[in-house]
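*Asks:* just coords:
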């Protein structure tokens, strides 16, 4: 009778675990549980004549959490790489968009072509006005590109700072989980639940920054970034981010500088470095246009015969602007020419200087470099995604809940429970038989 | 034993359906916009070529506008030179008549009056405007090419050489000649010009007297020289028109090339894209159908 009772209890518990698995089939971070059964052997056998008869039933050994440490670590590592690639690609795409959508390339062509047209009739006020309007469009498109880049840069900084505070929040969560893990009993479902939460926190941390994780006694996790401890068994140290002189991000854990090589923080930093480089190159292009045009202006005379004044103000893509107010300011004639001169020698020099400044070629190269980087990072991202999916599938195959398996288990344990009940019935019949002897 | 986790099954199905859908949408965008590239990173090399082609096209527009202007100016200059030639031939006739000793002073005077008219016409022609309203023969000056003094003699007041204008493909052509190049010449080692010759002859004939006939006969040589200078000018203009024509011909070929390159590099191959879209749609529909079937397949359906 007691054997049957232990069997029924064990089957009941196994049914509970199966039900828990089914209920959590869609829960994020849930790892499939299973129960191990141990045979119970009684040292004091009721059957003294048969020394071998020591049967006392079954008991539930432990609730097992089917997570493989290696596969979990693989998932963490690959998803950290993937989130770095994703963030970097996002940043680069916004750089590409900022440069392409501002229409600098078209505006520059239009400006050069307007200068070329003006050469045919240098005193024509309509052609001069066209040049001025094209120059204004060019300056505006540089301003737009620059402000788009600045916006993208600001949002990358904001993302990084929210990422850092998320990591610090997760680190303090993990410290609490570590404390509770120390107190929980091995093999208990409470421990399994805490381990689920721990893995979930570690997964989130990995996606933000490539952390190295070591699991100690009782499943207590220690986390380090670049060899500097972020979370130890005793507590958490704060991660901080600051902006370096070159515009990239510098990270430090408890004051010790660390390099983050994976996760979205690393991707954001790589994106920032590319963005800053693009910004510098864009400024150089704008600067060379300003330089070429203004130098040529200084070498000539305006329509009224006065010395040529600068057309553009500013020195970078952000502050380039048209300072000349009227088309007559364009110095088409060389110094010494009379007012209303139709001599376009200085305009020819300006066109040549603009060509020679390499502004158009420089911008074209910048655009090509950025778009090639986006294209190649896209391919890298896709292959990292495939790897991460593979790691996820490997882990899910082991740790994920399959409803078909659970249905089979449900039937199996139901039958085990029914069989134990049958055993009880048989034992009762035996007792009844014995009791009815008179 | 590895089993297929239910959550994993749904995740994978969703991601593969989503990627098929994204592929179909990309193809749909390519077909509807007829552009193969939505952004430069779709194909950086092709995007760069497209930018270069677009740049060349914008410049080509400016160059062909320039070529049109230059061509118009050259035609105007050519017409002006033809008229000058006709006037010079008439001046030659009058000089030949006047050199004849049988003519009396009155007749010479009348010839002198006509020559004075011819002189005025020549000055007017040389001061004519270009297609953009600027003096045609004044070089880079914006004032008239020739100024008539109180005594009726005209002198060149233009300055510089007419600007060479880019008409594309490395060819630059000036739209006109300077007034000096049209009228200046050297007769018997002495520099002079057509207008002075005509003006002096007209004055001499108008005032009459014994030197009128000999003046007329000596002017004949200078007028012949003037015709040579004018025909040299015509030849120069014709050669320039030829260069503009050459630039236009090259541009014609280049623009055909640009159009076909743009189509080849940047345009959607509609036939191919539609076929691909059809293929993707078929796969998508099949995946959706099989997903519905598979997701309905659960052991729980058979438990009772």
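*Replies:* That came in fine, so what should we check first? Quantities reported herein were computed from a predicted structural model and do not represent experimental measurements. Residues are numbered from 1 along each chain as shown, chains lettered A, B, ... in the order given.
*Asks:* Counting neighbours, what do you get for residue 24?
*Replies:* Went with chain A since none was named. 17 (other CB atoms under 10 Å in any protein chain shown). C-beta: built from backbone N, CA, C; applies to glycine.
*Asks:* my bad, the chain I had in mind was chain B
*Replies:* 18.
*Asks:* Secondary structure element holding it?
*Replies:* According to DSSP states H and E, residue B:24 maps onto helix B:6-33.
*Asks:* Give the buried residues for that helix.
*Replies:* By neighbour count with 16 or more other CB atoms under 10 Å in any protein chain shown, helix B:6-33 contains the buried residues B:6-9, B:11-13, B:20, B:23-24, B:26-27, B:30-31.
*Asks:* now for it, which elements pack on it?
*Replies:* Packing contacts for helix B:6-33, counted by 3 or more CB pairs under 8 Å, 6 or more residues apart in numbering or on different chains; DSSP states H and E, involve helix A:359-399, helix B:270-295.
*Asks:* Burial-wise, tell me which of those comes out on top.
*Replies:* Of all these, helix A:359-399 has the most neighbours on average by mean count of other CB atoms under 10 Å in any protein chain shown, namely a mean of 18.
*Asks:* Any idea how far it is from the middle of the chain?
*Replies:* Its chain's C-alpha centre and that of helix A:359-399 lie 12 Å apart, by CA atoms, centre = their mean, to the nearest Å.
*Asks:* near chain B at all, it?
*Replies:* Yes. Looking at helix A:359-399 against chain B by CB under 8 Å from any CB of the partner chain, the contacts come from A:360, A:364, A:367-368, A:370-372, A:374-375, A:378, A:389, A:392-393, A:396-399.
*Asks:* what about the helices in chain A?
*Replies:* A:2-23, A:69-101, A:104-120, A:125-183, A:189-208, A:263-298, A:345-356, A:359-399, A:403-435 (DSSP state H).
*Asks:* Switch these over to a markdown table; also include mean pLDDT.
*Replies:* Formatted as a markdown table, those follow (pLDDT from 0 to 100):
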| stretch | mean pLDDT |
| --- | --- |
| helix A:2-23 | 88 |
| helix A:69-101 | 91 |
| helix A:104-120 | 90 |
| helix A:125-183 | 92 |
| helix A:189-208 | 89 |
| helix A:263-298 | 92 |
| helix A:345-356 | 90 |
| helix A:359-399 | 89 |
| helix A:403-435 | 90 |
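*Asks:* Does the spatially most central residue of chain B lie in a helix or a strand, and which?
*Replies:* Nearest to the geometric centre of chain B sits residue B:67, at 1.5 Å (CA atoms, centre = their mean). Per DSSP H and E: residue B:67 is located in helix B:44-99.
*Asks:* What helices and strands are in contact with that helix?
*Replies:* Helix B:44-99 packs on helix A:104-120, helix A:359-399, helix B:105-126, strand B:164-166, strand B:172-174, helix B:194-207, helix B:212-266, going by 3+ CB pairs under 8 Å, 6+ apart.
*Asks:* For the fifth one, name the packing helices and strands.
*Replies:* Using 3+ CB pairs under 8 Å, 6+ apart as the contact test, the elements touching strand B:172-174 are helix B:44-99, strand B:164-166, helix B:212-266.
*Asks:* Would the second one count as contacting chain A?
*Replies:* Yes. Under the criterion of CB under 8 Å from any CB, chain A is reached by strand B:164-166 at B:165-166.
*Asks:* That strand pairs with which strands, and in what direction?
*Replies:* Applying DSSP bridges to the sheet, strand B:164-166 is found paired with strand B:172-174 (antiparallel).
*Asks:* Which residues outside the strand it pairs with are in contact with it?
*Replies:* B:70, B:74, B:161-167, B:240, B:243-244, B:247 (CB atoms under 8 Å, 6 or more residues apart in numbering or on different chains).
*Asks:* Past it, which element shows up next along the chain?
*Replies:* Next helix or strand after strand B:172-174 toward the C-terminus (DSSP H and E): helix B:179-183.
*Asks:* and that following helix, what's its mean pLDDT?
*Replies:* For helix B:179-183, the mean pLDDT works out to 84.
*Asks:* biggest strand in chain A by residues?
*Replies:* strand A:55-65 (DSSP state E).
*Asks:* Mind giving me the packing neighbours of that one?
*Replies:* helix A:2-23, strand A:33-41, helix A:189-208.
*Asks:* buried ones in the first one?
*Replies:* The one in question is helix A:2-23. Residues A:3-4, A:6-11, A:13-18, A:20-22 are the ones in helix A:2-23 that count as buried (16+ other CB under 10 Å).
*Asks:* Next, format the helices and strands packed on strand A:55-65 as a markdown table and append distance to chain B.
*Replies:* A markdown table is the format used below for those (distance: least, CB to the nearest CB, whole Å):
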| stretch | distance to chain B |
| --- | --- |
| helix A:2-23 | 9 |
| strand A:33-41 | 12 |
| helix A:189-208 | 14 |
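*Asks:* closest one to residue A:327 among those?
*Replies:* Residue A:327 lies closest to helix A:189-208 among those, at 55.1 Å (CB to CB).
*Asks:* Run a quick neighbour tally on the one residue in chain A that gets nearest to chain B.
*Replies:* Residue of chain A nearest chain B, by CB to the nearest CB: residue A:400 (2.4 Å). For residue A:400, the count of nearby residues is 25 (other CB under 10 Å).
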